[in-house]
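**Q** kindly generate the corresponding structure for this input.
(4 chains)
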4 protein chains.
Amino acid sequence: MNRVENEKYAAEIEDARGHISSTRRVTVTALEEILFEICPILDHGFIRVVDYMGDDTAIVQAARVSYGRGTKKVSEDQALINYLMRHHHTTPFEMAEIKLHIKLPIFVARQWIRHRTASVNEYSARYSVLDREFYIPERSSLAVQSRSNRQGRSDRLIYDEATRVLDILKSDSSRNYDNYLLMLNEDALGNKIDPSRDGLARELARMNLTLNAYTQWYWKTNLHNLFNFLRLRVDAHAQFEIRAYADEIVKIVDRWVPACSSAFKEYRLGAKTLSATVVAVLQAKIRGEDTTALASTLGKRERLEISELFPGLFS
Amino acid sequence: MNRVENEKYAAEIEDARGHISSTRRVTVTALEEILFEICPILDHGFIRVVDYMGDDTAIVQAARVSYGRGTKKVSEDQALINYLMRHHHTTPFEMAEIKLHIKLPIFVARQWIRHRTASVNEYSARYSVLDREFYIPERSSLAVQSRSNRQGRSDRLIYDEATRVLDILKSDSSRNYDNYLLMLNEDALGNKIDPSRDGLARELARMNLTLNAYTQWYWKTNLHNLFNFLRLRVDAHAQFEIRAYADEIVKIVDRWVPACSSAFKEYRLGAKTLSATVVAVLQAKIRGEDTTALASTLGKRERLEISELFPGLFS
Amino acid sequence: MNRVENEKYAAEIEDARGHISSTRRVTVTALEEILFEICPILDHGFIRVVDYMGDDTAIVQAARVSYGRGTKKVSEDQALINYLMRHHHTTPFEMAEIKLHIKLPIFVARQWIRHRTASVNEYSARYSVLDREFYIPERSSLAVQSRSNRQGRSDRLIYDEATRVLDILKSDSSRNYDNYLLMLNEDALGNKIDPSRDGLARELARMNLTLNAYTQWYWKTNLHNLFNFLRLRVDAHAQFEIRAYADEIVKIVDRWVPACSSAFKEYRLGAKTLSATVVAVLQAKIRGEDTTALASTLGKRERLEISELFPGLFS
Amino acid sequence: MNRVENEKYAAEIEDARGHISSTRRVTVTALEEILFEICPILDHGFIRVVDYMGDDTAIVQAARVSYGRGTKKVSEDQALINYLMRHHHTTPFEMAEIKLHIKLPIFVARQWIRHRTASVNEYSARYSVLDREFYIPERSSLAVQSRSNRQGRSDRLIYDEATRVLDILKSDSSRNYDNYLLMLNEDALGNKIDPSRDGLARELARMNLTLNAYTQWYWKTNLHNLFNFLRLRVDAHAQFEIRAYADEIVKIVDRWVPACSSAFKEYRLGAKTLSATVVAVLQAKIRGEDTTALASTLGKRERLEISELFPGLFS
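**A** Predicted coordinates for the structure are as follows:
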């Protein structure tokens, strides 16, 4: 966003924050505090909470199909939420909903959109001209292709190679964007560059942009589907750039539904699913039996993962 | 609901209505007025609005991917909403959400649940004992099987036959419910009938109930999917009993999102989809040409429907 | 089904089985063997495989986005499938599809339909008359309501109480069905009982039926969603009656996609998800440390479940 | 695809086509003929049918919940299919399924993926290196931005401006791809360019690619959702590039389910949905009444559309 736009948006956001109404609905003070505010991610991206429905008690209320608020003591509500999470009774978590406004690089948007159980309205580059903004990673994020995991990163690039990569990314993004405007025959303020030319249709010109160009969308989902998204995208195997967004959403969820968030961390994020064989190995280990035979049936990769999780298990 | 329960629920609802909070979110005064209140349907059913997210401006805001409230003048917002509805740009309508608490006969619930794009938490008859409530139609609703439409009703039953039907429905429902309690070994207040007996598991005893027994659920969906539900269930071909619920929901939608509701009535409920051939017939008619040859290619049933819609078209 | 219908259906099924065509698609011999055949469940229910798409190699092919069959050696394919299952890379499992024709009691159908990610066409009782068939449990299935788990069964009912329950279920189901026909004014063969009467509309008469009446539907889903269904419905906490269907589907899956089925059993059915705290307890135990303090933070119920899974862990 | 790859793929496809098996499932000869074959779209894209389930009779069979093939005479089947389509009884159309392998530019993939009700496995640029292929439009497709419809194209660009656009697209795509390989430190055959360097992680390097780079995926959906996709993407308002794919899929559907395809064209593609007001105008016109007052309530844009559809209606 250029400075003029930034200021315009800041004013619109301030205006939205200024409207206070009274409601009979449940409200969440900690979330109201940051409502509409821009929370920056990466170099030009952001997340803003735009609306929400329900709080921790909405889950409890639906699980009990109750007439009133449906809550009992806080400790009982937490215990019920833990139980629901632990036993995969997932439908009550669909009863809370959140709507976010997100600005993100297109290559991140392409990973994100694979989560199909959400509502999305994306800024249309058929209809409007995209901002002059592209994601250029921090030098510290430029990593070597991993050899052990074909879908991942390894160590940092050495300084010179990183410099060269940054130069390429910056110059290619800029030039492609400049050429995008040139084909559109528009300058950054939307004025015609050359009055004698028509300009290429937007839906065509956009194809010259690079995948690190920023797009934005409204994204609305329920808490159950949000937890599924977070479980995959907070994970160490997720790409760093989408993780930056997911990490921020976890903080938002902490404000919004602290009891659900706590259950999510205990029974999903921090939990481990162990195969039938690994469970048998653990049972044998606790009984003090030798686990060599059982463990030998595990695949090499699973065995490696498990020995990192439980050092000493196979000895 | 027996009287004791009714009063308990009334108190819980009154309590919920009494909580007023302040919020930065958009609120809808006309909907807040009826929030949590029981709106009776059929003989023992009801609908209550339990929560909502967004109003008409939420659709406009998402369509524009705007930073602020995203609305311009009311007339411009209505025009945009009409345009979106008319051209099947449906995703912005997913940006408003509503949550209802509904009590309904099981055979209605079975039709309702076929709409898969909603979140549902149903009162569990594995876990709890169902209320002593069954749907007994009004005498005026007892209709003869239609001959022309195998899936519908025709004229009213004659008085004596209707009386007999009502007697059967009442006595079978009651006796099956009494036997349900007997098998459970519980009375209406949940006390053991015969202290020496254990009682059959609830998940089994319920199978003796009739399909007109009432169940209840929390049902949450977005405005787009709600419109799909309403288009099918407000229709004259929908069964009277589910239409009673759909008609009430239309009134709720009128309160909640009046601009969207107006567009929905103009471009969905009151609209007609005409086949390629019918469009060609209409075009010929307007040009003053003979339509006989074209019209003869229409199937019998479609021709009948179209001549009811456009009397004089085929003459 | 009465005898006449049974024979008619048998002939139709035999006819369908007789059509052999040649195809370039992947086929599964073990599944073709039972295609269309009725596999009985409970007293009047059944499952029939009606169609399928893909086999184990379809998952591998999609994961590799390959041009040909995409498979390598059988052992490599199994290793890839295990990896996908273990790391929740679920989308390739959506690439195989199966279609079943199922006859089941209505109360089971109501649990089943809660799985929303499937396509369903149910026999319409608005349109047609249901068969004279109701589920009457085996004496051995009649269990007492569980005290420890409000949503479950405990020991068998004693003989006399079971007899009484069976008498109630049989007589209530039969009488309600007889009254259903009486209201319809139709006998079992579809002829009018009393020529002078019209008969109540089918969509109304059906409400007199009990929840153990049988319905039937076509149900089509992909392997990923089928596994989700099975994980919940094969579980010991699922109601016995739906488990009977799920157990049979597992056998079908064994025939259809043996490599996926094996991975599913190892990494889902037989696997355990352990909370962050339980993982920490196990790590401490393996290190030979005292686990008392850590274990004390577990909820009572979770602690009980874990000590059943890992006897000796907390000692 | 370079020549070596092309030949390798051709051999794999030929091999897949060579496997003929016998099956009890319904098969579609006209679709088997083209199974697995590459059907080229745009300059480097394609569609291949990889698998299918069901044919026209599958829809009929599910609508009737029948035991056998469920079909009667071909004319009766077509009439039933027309009826289902006309009255939006959409669930039987979910009973047929198709799987396609598609190669398409990324900006087209981004439009396509907005259809959420399908299964997708995309070639991973985190894991693999993308081919050196980008979409360069035909000169005849280079259109001016439309003024009347902000989301569309108007006339062709003049020759010189088109030449300049083509030059930009070609040189920017090529250079960005070359720099992509340079950052990866890999040549087109996957060999290291500079043995002393590590190369940037693939998940990062891809962000330098332009939106006209080609990606590919397996895409599987049912006939109902496919029709929804086609209705939107065959439409004149859809972007030319995605329409090229949609048009080809229509031809595939013609081969696969000719009766459904015919109903789709008559009751969806060629059909028009008219608003309540427009229906009233048409009714008045047919009665020979003056339509001026009624017509004046239509919005400007809708009035324009309708007068194009029915010339003479408002006179």
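
**Q** all strands of the stretch 51-200 of chain A, in order?
**A** Here the stretch 51-200 of chain A has its strands, by DSSP state E, counting those that start in this stretch, at A:97-105, A:119-122, A:143-145, A:153-156.

**Q** is the last one in proximity to chain D?
**A** In this case it means strand A:153-156. Yes - with CB under 8 Å from any CB of the partner chain as the measure, strand A:153-156 is seen reaching chain D through A:153-155. C-beta coordinates here come from the backbone N, C-alpha and C atoms, glycine included.

**Q** where do the helices sit along chain A?
**A** A:3-18, A:29-32, A:56-64, A:74-86, A:106-112, A:159-184, A:202-205, A:223-233, A:240-256, A:258-264, A:276-286, A:292-295, A:300-309 (DSSP state H).

**Q** of all those, which lies closest to C:K192?
**A** helix A:56-64 (47.4 Å; CB to CB).

**Q** contacts for that closest one, please.
**A** A:26, A:69-72, A:77, A:80-81, A:84, A:89, A:91-93, A:95-96, A:223, A:257-260, B:50-51, B:121, B:218 (CB atoms under 8 Å, 6 or more residues apart in numbering or on different chains).

**Q** from those residues, which would you call buried?
**A** A:26, A:69-71, A:77, A:80-81, A:84, A:91-93, A:95-96, A:223, A:257, A:259-260, B:50-51, B:121, B:218 (16 or more other CB atoms under 10 Å in any protein chain shown).

**Q** quick one: the residue nearest the centre of chain A from chain C, how far?
**A** Most central in chain A under CA atoms, centre = their mean is A:A246, positioned 3.2 Å from the mean C-alpha point. Here A:A246 is placed at a distance of 15 Å from chain C (CB to the nearest CB, to the nearest Å).

**Q** surely that residue meets A:F240?
**A** No - checked against CB atoms under 8 Å, the pair A:A246 and A:F240 is beyond contact range at 10.5 Å.

**Q** quick check: residues of chain A near chain C?
**A** Checking chain A against chain C by CB under 8 Å from any CB, the hits are A:79, A:82-83, A:86-88, A:91, A:114, A:232, A:237, A:265-267, A:269-277, A:279, A:282-283, A:285-287, A:299, A:301-302, A:309-313.

**Q** let's go with 7 Å and repeat that
**A** Counting by CB under 7 Å from any CB of the partner chain, the positions of chain A adjacent to chain C are A:79, A:82, A:86, A:265-267, A:270-277, A:279, A:282-283, A:285-287, A:299, A:302, A:310, A:312-313.

**Q** which of those count as buried?
**A** Buried among these (16+ other CB under 10 Å): A:79, A:82, A:86, A:265-267, A:271-272, A:274-275, A:277, A:279, A:282-283, A:285-286, A:299, A:302, A:310, A:313.

**Q** ok, back up a step: quick check, nearest of the residues of strand A:153-156 next to chain D to chain C?
**A** A:R153 (17.3 Å; CB to the nearest CB).

**Q** circling back to that earlier point, among the helices of chain A, which is nearest A:S140?
**A** Among those, if distance is taken as CB to CB, the winner is helix A:159-184, at 9.0 Å.

**Q** for the record, mean pLDDT for the closest one?
**A** Taken as a whole, helix A:159-184 carries a mean pLDDT of 97.

**Q** equivalent analysis for stretch A:187-204, please.
**A** Stretch A:187-204 comes out at a mean pLDDT of 89.

**Q** so how far is it from its chain's centroid?
**A** Remark: stretch A:187-204 is offset 35 Å from the chain centroid, using CA atoms, centre = their mean, to the nearest Å.

**Q** kindly report the same for stretch A:236-254.
**A** The answer for stretch A:236-254 is 5 Å, by CA atoms, centre = their mean.

**Q** what sits up against that stretch?
**A** For stretch A:236-254, the external contacting residues (CB atoms under 7 Å, 6 or more residues apart in numbering or on different chains) are A:39, A:41-42, A:47, A:49, A:104-105, A:108, A:111-112, A:141, A:152, A:230, A:232-234, A:261, D:126, D:203.

**Q** over to stretch A:275-292?
**A** A:294-295, A:297-298, A:302, A:306, A:313-314, C:265-267, C:270-272, C:282, C:285-286, C:310, C:312-313.

**Q** show the average pLDDT along it.
**A** 94.
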